[in-house]
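J.: Need coordinates for the following:
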Amino acid sequence: MAMDTQEWLDLLNAAGIAASEEEILWVLSNTPAHELQDRFKILLSGGQGTGEKPTYQRNQIHASLIWDQLMQRMEEDQPEPEWVPSLPEFAGELITAGEALEMAAWDFGKVRRRKPAAVLRPAHTGDVASAIQFCREWGVGLSPRGFAHSAGAQMQSRRGLVLDMKSMSKICSLESDYGESSFCEVEAGAGWDVVLKAAMEKGLTPPIVTDWLKVSVGGTISMGGFGFMSFWRGTQMDHLLELEVVTGTGEVVRCSSEQNSELFDAVRGTHGKFGIITRAKIPLEPAPEKVRLVQACYGSLSKMLDDFEVYAQERKTDLIHAFAAEKNRESIVTKMNSTETLPFEDASIDAALSNIKGEWVYNLELVDFIGGPHDGQHPRVDESALKCEPGLAASWELGWEEFCFRIPPLVLEEQYRGAAPHPELCSWVPMDSDGRKLLTDEFERLHPEGDTGNGPVLFFPLKTDQVTPPWFRLPTSEYCLFWGLLRRADPGTPERIAELMVDNEEIFERILEIGGQRYLPDTPPETASFWKCHFGPLWQKIVRSRMRWDPDGVLGSSFGWHSHSRERKPDDDSTPPSSGTP
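T.: This next block holds a predicted model:
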């Protein structure tokens, strides 16, 4: 028996697919019933409620990718939404056709496609407020977008309005007294490369620098903003003097830890769900003159973690990160975040390749500041004391700016191997015996090429009490580590992407069991149950706060439609999405 519109809507919404009635009607009218039933039989016959959780999870993920394909067909057939001609005049550039819309349909992960009906490149905060007010009136979903370095469609808006915030990239002011009152006020669409260059002209630096600077100020504050010094200094979210935010009501608010502090807390690390950050006032400090780097190669994950933990917990260096890669000569000799090679002896390399068991090697980078306010707080790293493979540790120096502008492995991989989908899993693993066992088990199970496509696998440490935004989820352990499984889907088919995403979720369930958490610029599920589980006891507060700062559900990025309904109670997750939400 053919399913009616409501039955399809219920089925898809339960699978985390934000389908609207308009979209269902188009699909039913333009897709033969037998084809539709066949394409979604994985959901119609899947193991929900039968104890086959991985099977149903795979079905949900695969179905969402199929739905995206159907929506692409709809976009090619449908006229533009009726609200597009009614858009007001903006000072910035408004785009309603062409390549810019297709670019805004994707993010760096290239897993989910969500094409907007229009893109606005706002000229100033007033444009952002006007866009939000218009979307409230018309019931249109809106998402801000910076450099789109996320991997799960967090900042996309199907048939909605995308704000390309890179057009707001000015340095508004920079005060440099070389004391505690030095700061930079910048528009939130600016990349951190712009901030660092402006600061370095005065011999200054932001306290926290991410490993890739082509990400926007507003984006990292909304997502996290971690650096390799976060284990003792926190995040970019923790080093802010003031923010300018446009809420989902269109109100422009200045907020800080002392002024409008509830909004200040709400917009840090919550993916733009309560407001769009349009300016940030960032403290600056004297920059180090240069850094001394030590890179060491390990064949044993346990030995690498021994050094990783000691240097983090005893604060024996200033920056720490590690990288797992397939066991081969290139992985051993290549400098991290670089294509340059290290001057290791051939005999040491050959001995390591012969003696290391398993398919992985682990590179650890320890970095000491030279000059600046933090130099001299610990002895320089002694590479001879590390537990690495014999002869496979080296040291060298770089200027601070040159160090910061290195290119991380995920970006290097895209440059040299070409673009591909990246279904990522980013997590916080407790730095304890349970965390070690989990990582050991996973690296024994995972194959570098077959399971990750030789995509990067990254680590860096974190002391959890250094992270102050109250809604950012972390393990309860004193220390944890970031573990990023940045897979590459090759071939990039829906079937292969779904396979890798399912494995990600099975790994993450094991991480949850030992008290870990998710870091969400990755490729998360889109179901209400996932987001409710992630925020746990905070979920009802999320919903109430959404009703306060975005009562019409305009801001549609990430967990958007799951956290809003004008008619439901805060603990009810049966939300019907409106047209234009992701």
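J.: what stretches of this protein score poorly on pLDDT?
T.: Low-confidence segments of the chain (pLDDT under 70): 1, 41-56, 178-179, 558-582.
J.: Walk me through the domains of it.
T.: Per automatic domain parsing, the structural domains of the chain span 171-286, 290-518.
J.: May I see the ones you listed organised as CSV, with distance to residue 12 and mean neighbour count added?
T.: No exception for glycine: its C-beta is placed from N, CA and C like everyone else's. Formatted as CSV, the domains of the chain follow (distance: least, Cβ to Cβ, whole Å; neighbours: other Cβ atoms under 10 Å):
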stretch, distance to residue 12, mean neighbour count
domain 171-286, 22, 21
domain 290-518, 16, 18
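J.: Tell me which of these lies nearest to residue 139.
T.: domain 171-286 (12.7 Å; Cβ to Cβ).
J.: And stretch 221-230, how far out from the chain middle?
T.: 10 Å (Cα atoms, centre = their mean, to the nearest Å).
J.: Span of that stretch from start to end?
T.: 14 Å (Cα to Cα, to the nearest Å).
J.: ok, now stretch 94-111?
T.: Terminal-residue distance, stretch 94-111 (Cα to Cα): 26 Å.
J.: returning to what we had before: closest one to residue 25 among the domains of the chain?
T.: domain 290-518 (23.9 Å).
J.: could you list every residue that touches residue 309?
T.: Going by Cβ atoms under 8 Å, 6 or more residues apart in numbering, residue 309 touches 431, 461, 479.
J.: what about 7 Å?
T.: Under the criterion of Cβ atoms under 7 Å, 6 or more residues apart in numbering, the neighbours of residue 309 are residue 431.
J.: Can you lay out the domains of the chain as JSON lines showing distance to residue 22?
T.: Putting those into JSON lines (distance: least, Cβ to Cβ, whole Å) gives the following:
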{"stretch": "domain 171-286", "distance to residue 22": "23"}
{"stretch": "domain 290-518", "distance to residue 22": "24"}
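J.: so which of those comes closest to residue 71?
T.: Short answer: domain 290-518, nearest of the domains of the chain by Cβ to Cβ, at 13.4 Å.
J.: Output the contacting helices and strands for the strand ranked longest in the chain.
T.: Using DSSP state E, we find that the single longest strand of the chain is strand 360-370. Strand 360-370 sits against strand 290-298, helix 301-313, strand 319-326, with contacts defined as 3 or more Cβ pairs under 7 Å, 6 or more residues apart in numbering; DSSP states H and E.
J.: possible to save those as a markdown table with distance to residue 545?
T.: As requested, these are exported to a markdown table (distance: least, Cβ to Cβ, whole Å):
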| stretch | distance to residue 545 |
| --- | --- |
| strand 290-298 | 40 |
| helix 301-313 | 34 |
| strand 319-326 | 34 |
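J.: So which of these is nearest residue 392?
T.: strand 290-298 (4.0 Å).
J.: chain center to the closest one, what's the gap?
T.: 26 Å.
J.: what does stretch 391-398 give?
T.: 31 Å.
J.: For stretch 529-541, give the distance from the opening residue to the closing one.
T.: Per Cα to Cα, stretch 529-541 runs 16 Å from first to last residue.
J.: Tell me the strands beside the helix or strand just after the longest strand of the chain, with direction?
T.: Counting by DSSP states H and E, the next helix or strand C-terminal to strand 360-370 is strand 393-399. Sheet pairing of strand 393-399 (DSSP bridges) gives strand 290-298 (antiparallel).
J.: Residues in contact with the partner strand: which ones?
T.: So strand 290-298 is contacted by 304, 332, 335-336, 342, 352, 361-371, 380-381, 383, 386, 388-389, 392-400, 403 (Cβ under 7 Å, 6+ apart).
J.: can we see that at 6 Å?
T.: Around strand 290-298, the neighbours that count as contacts under Cβ atoms under 6 Å, 6 or more residues apart in numbering are 304, 332, 361-368, 370, 381, 383, 386, 388-389, 392-400, 403.
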